[in-house]
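Chemist: need coordinates for the following:
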Amino acid sequence: MKRNIMKVVLFSIMVLLHLNNAFGQSRGLKVNDKMPKLNKVELVDSKIELSKNPSVVIYDFFDTYCVSCIESMPKLKALQKKLGAEVQIYMVTWQDRATIEKFYQNNKFLKEKDAILPTIINDKQLKALFPHAGVPHVAVVKNGIVRAVTFSDFITVEGVNELVRKDHIKASLKDDYMELSDVKNDASDGIASVLLKGYSEDWPQWEGIQETKTSAGTTKITLSNNGILRTYKALLSRIKKPQYLLGNNRIIWDNVNKDVLDYPENTGGIQKWLTQYGICYERKSSIPMDSIALTHAVINDLNLFLGLDVRFEKRIIPCLILQEDNTGPRAVVDPNDIRQGMEGTGVLAFLVDYSGLFPPVYDEVNKKDRIKLGDFTNLEELNQQMQGQGLKFVEGEREMEVLVVSKK
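Modeler: Below is the predicted model:
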């Protein structure tokens, strides 16, 4: 399957906008709350007979921009078939009928996998009951009682079967609106304190760093329920923001167990992985420090307690070199060329890096000329697109900045 890079980038931007616009809503139902009777919902026909009296109802919130939501639908469809009338799964979206019906008709992945489920559209009431900032977001109800508000990773045949037999499902809480003020920190008051612990459902889950200062002059910096590598990336970018995409092809793992530091793709879901390997960290200090000095202190703490040394270095590594190609004539502008246009080789290098198909890109051209780029799956197809644009990609080695993760 060819990878449409521009759609992936657009999706990422839309998710960020959605998250930024969603915060600040009320929290809604919690685990063990009674589910109120719903007003009539609007359904898209999935050609699946609905369970008349299911003991368990699962609401999986999604939208058509959410790649991971769509990828999880075959798993949910298989779960529905396996568990039968005892369980009813609904996809839930705020989007309208025309949008969803067109999406289902045109999505080859879902059609090939026969993965379309009963879908509640134009939803407002369920979102009000289970408010969330990002999807997928899952609510699980048994016999009218909320039993989980969680991540899609925890919706498995084994987990739901356990819920059918009992009144419990092992699933981490997903609360997009938990505040740091909700966290009870056992660290005693004093001149300074550092707390480092594993994943905690009592802490909010969000990526990034929160830094606050009190009126008394105490500075607090917090990282909450995050993977170790992501934590280091966030910290290092506060000191020096990389001018390139820091993907897996720019990371060197030096005698460390990579799988406990960064989520191994396609191994059961990042949320389950985080419950085992995620960390919470908080540093309080009354000693005046600017943000850069404070960030260095946090990195030193993590290196000390985790026995790591994580830093940027320049090394000669395999890469994909973008060069000028003057061996053929420039292509005539085709008004029917529907490929995405971009300004400059820097954007081109970023998008090729983003594909994850190659070693990191080294741009030797650095021009602002307009470039066209469409789908590609290998180097040959990529260079075919460069023909007539005065560019080519070649494999080689160059000195480039990389992130090195090693034992201390």
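Chemist: partners of the host helix or strand of Ser193, with directions?
Modeler: Ser193 is located in strand 192-198, with elements delineated by DSSP states H and E. With DSSP bridges as the test, strand 192-198 is paired with strand 279-285 (antiparallel).
Chemist: next secondary structure element downstream of the strand it pairs with?
Modeler: helix 291-306.
Chemist: give me the mean pLDDT for whichever helix or strand comes after the strand holding Ser193.
Modeler: Counting by DSSP H and E, the next helix or strand C-terminal to strand 192-198 is strand 210-213. In this model, strand 210-213 has a mean pLDDT of 88.
Chemist: all strands for the stretch 1-150 of the chain, in order.
Modeler: Using DSSP state E, counting those that start in this stretch, the strands of the stretch 1-150 of the chain run over 42-44, 56-61, 87-92, 119-121, 137-142, 145-150.
Chemist: quick one: Asp337 and Lys166, what's the gap?
Modeler: 60 Å (C-beta to C-beta, to the nearest Å). Just so you know, the C-beta spots here come from the backbone N, C-alpha and C atoms, and that holds for glycine as well.
Chemist: meant to ask about Leu320, not that
Modeler: 53 Å.
Chemist: neighbour count for these two, which is higher?
Modeler: Here Leu320 and Lys166 are set side by side on neighbour count (other C-beta atoms under 10 Å), and the busier one is Leu320, at 22 against 10.
Chemist: hmm, that one is touching Pro360, no?
Modeler: Yes. Applying C-beta atoms under 8 Å as the test, Leu320 and Pro360 come out as touching, 7.1 Å apart.
Chemist: flag every buried residue along the strand holding Ser193.
Modeler: In terms of neighbour count (16 or more other C-beta atoms under 10 Å), strand 192-198 has its buried residues at 193-194.
Chemist: where do the helices sit along this structure?
Modeler: 5-22, 67-83, 97-106, 108-113, 125-129, 157-165, 228-239, 258-261, 270-277, 291-306, 345-355, 379-386 (DSSP state H).
Chemist: lowest mean pLDDT across those, which one is that?
Modeler: helix 5-22 (a mean of 38).
Chemist: ok so, going back, rebuild the strands of the stretch 1-150 of the chain as CSV, extending it with mean pLDDT and distance to Asp325.
Modeler: Formatted as CSV, these follow (pLDDT from 0 to 100; distance: least, C-beta to C-beta, whole Å):
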stretch, mean pLDDT, distance to Asp325
strand 42-44, 94, 49
strand 56-61, 97, 48
strand 87-92, 96, 47
strand 119-121, 97, 48
strand 137-142, 97, 48
strand 145-150, 96, 52
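Chemist: Glu265: neighbouring residues, count only.
Modeler: 7.
Chemist: sorry, slip of the keys, the one I care about is Gln105.
Modeler: Gln105: 10 neighbours (other C-beta under 10 Å).
Chemist: Cys280 - how many residues pack around it?
Modeler: With other C-beta under 10 Å as criterion, Cys280 counts 22.
Chemist: list the beta-bridge partners for it.
Modeler: Lys197.
Chemist: hmm, Lys197 and it touching each other?
Modeler: Yes. Assessed by C-beta under 8 Å, Cys280 is found in contact with Lys197 at 5.2 Å.
Chemist: could you export the strands of the stretch 1-150 of the chain as CSV, including distance to Ile70 and mean neighbour count?
Modeler: What follows is those, written out as CSV (distance: least, C-beta to C-beta, whole Å; neighbours: other C-beta atoms under 10 Å):
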stretch, distance to Ile70, mean neighbour count
strand 42-44, 15, 14
strand 56-61, 11, 22
strand 87-92, 10, 23
strand 119-121, 12, 22
strand 137-142, 15, 24
strand 145-150, 19, 21
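Chemist: reformat those as TSV; add distance to Met289.
Modeler: Listed next are the strands of the stretch 1-150 of the chain as TSV, based on distance: least, C-beta to C-beta, whole Å:
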stretch	distance to Met289
strand 42-44	54
strand 56-61	41
strand 87-92	46
strand 119-121	50
strand 137-142	37
strand 145-150	38
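Chemist: wait, which of those is closest to Asp290?
Modeler: With C-beta to C-beta as the measure, strand 137-142 is the member of these nearest Asp290 (37.4 Å).
Chemist: and that closest one with strand 56-61, angle?
Modeler: Interaxial angle of strand 137-142 relative to strand 56-61 (axes from the mean of the first three to the mean of the last three C-alpha atoms, to 10 degrees): 170 degrees.
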